[in-house]
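Q: how does the following fold in three dimensions:
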Amino acid sequence: MTPDAAWLQAVALGLGAGALLALAVWAASVPKRDVSIVDSAWGFLVLVPALVVAAALPQTGPRAAAVLGLAAAWALRLSLYIARRHRGQPEDRRYQAIRRRNEPHFQWKSLYLVFGLQALLGWIVAAPLMAAVASPVPWNGLDLLGLTIAAAGLLVEAVADAQMARFRADPRNRGRVMDRGLWRFSRHPNYFGECCLWWGLWLVAAAAGAWWTVLSPLLMTVLLLKVSGVPLLEQDLGRHRPGYADYVRRTPAFVPWRQRG
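A: This is a model prediction of the structure:
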């Protein structure tokens, strides 16, 4: 078996593992009538395919430990943060809207509309990881740049989420808009950090010769900025936070910068 054939087989196994994980999370969601739990599993829907590829290959390349370590730290932190935030809460309003549009029998439709789709997206996002762990190309300067950007993105995302968690934990902030810390300079600093992470990991994959995996950070950027991230969240906050319109007027949406006015 050639290395290319071995890698393709490992990648297919990674897709299957992600699908099995999505199936298990779907099964857990049915009695709860809460598909929001898929958000807590998202990090692992990305990480598991990469781990399977690393385990299935006869030999991994010099980047395997670095990229898998960063990805594991990202997945574990994100999943714990989302699970803790969602504990004791009803199904997220975004998923409630999807449920209403797809009744009756949404519990079955959600298997492919929500969980299957997330498994596929996670596998695509994992492409730079799956390519980087397999490449025998020696380290070069692009690796250092990519790992620096990725680590900085992970730090920004973690700090932004921690600041938001502390804000929400204070009953005095109920109904108020978070505009402190990193949130003073960006309405979505956590999403900015997330994008930096994936563009950085793509640079590592590019250093390994896998430029074609650019679909991964492009997909993440489009999802966060145009689909399921900023648009839905801002629409929801605009309806439920009276001061949010003023916050939008004076604060950059994505890239952190000084406030306007």
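Q: how about stretch 91-99: buried residues?
A: For stretch 91-99, the buried set under the neighbour-count rule, 16 or more other Cβ atoms under 10 Å, comprises 91, 92, 94, 95, 98, 99. (Each C-beta comes from the backbone N, C-alpha and C, glycine too.)
Q: and the least confident of the residues you listed?
A: For the buried residues of stretch 91-99, the weakest pLDDT value sits at residue 94, with 85.
Q: hmm, residue 94 is touching residue 229, no?
A: No - counting by Cβ atoms under 8 Å, residue 94 does not reach residue 229; the two are 10.7 Å apart.
Q: please enumerate residues in contact with stretch 71-90?
A: Contacts with stretch 71-90, where a contact means Cβ atoms under 8 Å, 6 or more residues apart in numbering, come from 34, 36-37, 39-44, 46-47, 50, 92, 96, 126, 129, 154, 157-158, 161, 165, 168, 197, 201.
Q: show me this protein divided up by domain.
A: 1-136, 139-261 (automatic domain parsing).
Q: low-scoring stretches of the stretch 101-250 of the chain, by residue?
A: 238 (pLDDT under 70).
Q: quick one, helices of it?
A: With DSSP state H, counting those that start in this stretch, the ranges of helices along the stretch 101-250 of the chain come out as 106-110, 117-125, 127-134, 141-169, 189-207, 215-222, 230-240, 244-250.
Q: now the ones you listed in TSV, with distance to residue 75 and mean neighbour count?
A: Output for these, formatted as TSV (distance: least, Cβ to Cβ, whole Å; neighbours: other Cβ atoms under 10 Å):
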stretch	distance to residue 75	mean neighbour count
helix 106-110	22	16
helix 117-125	10	21
helix 127-134	11	28
helix 141-169	11	17
helix 189-207	11	24
helix 215-222	14	18
helix 230-240	21	14
helix 244-250	30	14
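Q: for residue 11, find the nearest of these.
A: helix 127-134 (5.7 Å; Cβ to Cβ).
Q: mind listing residues that contact that closest one?
A: Contacts of helix 127-134 (Cβ under 8 Å, 6+ apart): 3, 7, 10-11, 14, 46-47, 49-50, 53-54, 57, 60-61, 63-64, 67-68, 71, 198, 201-202, 204-205, 208, 210, 213, 215-217.
Q: any idea how far stretch 103-111 is from the chain center?
A: 24 Å (Cα atoms, centre = their mean, to the nearest Å).
Q: circling back: out of the buried residues of stretch 91-99, who's nearest residue 25?
A: residue 95 (13.1 Å).
Q: can you tell me the element that closest one falls in?
A: Secondary structure from DSSP states H and E places residue 95 in helix 93-101.
Q: by contact count, what packs against that helix?
A: helix 106-110, helix 230-240 (3 or more Cβ pairs under 8 Å, 6 or more residues apart in numbering; DSSP states H and E).
Q: turn these into JSON lines, including distance to residue 259.
A: Listed next are the helices and strands packed on helix 93-101 as JSON lines, based on distance: least, Cβ to Cβ, whole Å:
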{"stretch": "helix 106-110", "distance to residue 259": "40"}
{"stretch": "helix 230-240", "distance to residue 259": "17"}
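Q: I'd like to know which of the ones you listed is closest to residue 184.
A: Comparing the helices and strands packed on helix 93-101 by Cβ to Cβ, helix 230-240 comes nearest, at 16.1 Å.
Q: quick check: angle from that closest one to helix 189-207?
A: 180 degrees (axes from the mean of the first three to the mean of the last three Cα atoms, to 10 degrees).
Q: give the rounded mean pLDDT of stretch 72-80.
A: pLDDT averaged over stretch 72-80 gives 97.
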